[in-house]
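What follows is a predicted protein model with its sequence.
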Amino acid sequence: MNECIFCKIVKGEVPAAKIYDDHDVMAFLDINPATPGHALVIPKKHSTNIMDTDERTFEKVMCVVKVVSERVKSRLNADGINVLQNNGRQSGQLVDHLHVHIIPRYTNDNFVLRFPRASVSQEDMKKIQEKLSETEKPAKGSDWV
């Protein structure tokens with residue numbers, strides 16, 4: 001983890017414009033913001049993505065995402081908020097440390113977020129549903145599924 005930029009930020013080796021900091025989680029402004037106030041929320045404990053992050057850490061991160069989102073929206077008078085989290089290069093993850101983007105949205109901000117639509121047949125949809133619905137042990141501490 002010596003080369004992880006976010007771990008260096010946690011250690012204080014690289015400066016960051018921190019907007020939230022507790023024992024487990026930190027939030028700071030993105031140095032290449034999509035819009036003014038674009039922030040990143042990270043766990044202080046290194047993990048690459050949501051698949052290798054323990055549930056308790058991810059839960060703490062998401063609680064901070066909510067707090068920071070509310071703060072960004074109200075204090076910066078944002079009209080909306082995008083919350084994004086990428087896993088792997090193909091999804092757009094550029095830093096191999098779990099992070100959640102909080103992007104304030106403003107009327108006419110010129111930020112475009114699009115989801116091209118895939119054409120999936122009803123037969124393929126059913127196959128996908130079957131694969132994803134297989135019964136597995138719920139996540140530790142989870143009361144759903």
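Structure received. Numbers count the residues shown, from 1 in each chain.

so where's the chain uncertain?
1-2, 135-145 (pLDDT under 70).

quick one, helices of it?
5-11, 55-75, 122-132 (DSSP state H).

And the second one, what does it pack against?
Other helices and strands packing on helix 55-75, by 3 or more C-beta pairs under 8 Å, 6 or more residues apart in numbering; DSSP states H and E, are strand 18-21, strand 25-29, strand 39-43, strand 80-84, strand 100-105. C-betas here are computed from N, CA, C, even on glycine.

ok, the second one: who's next to it in the sheet?
This points to strand 25-29. Here strand 25-29 has these sheet partners by DSSP bridges: strand 18-21 (antiparallel), strand 39-43 (antiparallel).

that older thread, now tabulate the helices of the chain in TSV and tack on distance to H99.
Below are the helices of the chain laid out as TSV (distance: least, C-beta to C-beta, whole Å):
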stretch	distance to H99
helix 5-11	7
helix 55-75	9
helix 122-132	25
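
Any idea which residue is closest to the centre of this structure?
V100 (2.0 Å; C-alpha atoms, centre = their mean).

Just list the residues touching it, thanks.
L40, V41, I42, V61, M62, V65, V83, L84, Q85 (C-beta atoms under 8 Å, 6 or more residues apart in numbering).

doesn't V67 make contact with the second one?
It stands for V41. No: with contacts counted by C-beta atoms under 8 Å, V41 stays clear of V67, the gap being 9.1 Å.

joint contacts of the two?
Shared contacts of V41 and V67, counting by C-beta under 8 Å, 6+ apart, come down to Y20.

Between the two, which is the more surrounded one?
V41 (27 against 15; other C-beta atoms under 10 Å).

Roughly how far does the more buried one sit from R75?
Separation of V41 from R75 (C-beta to C-beta, to the nearest Å): 16 Å.

got it, and E13?
29 Å.

again with D30
Using C-beta to C-beta, we find D30 at a distance of 17 Å from R75.

Looking at the two, which one has more neighbours?
D30 (17 against 11).

thought that one was touching P36?
No: look at D30 against P36 with C-beta under 8 Å: they stay out of range, at 10.3 Å.

Contact partners for I81?
S69, V72, K73, I102, I103, P104, R105.
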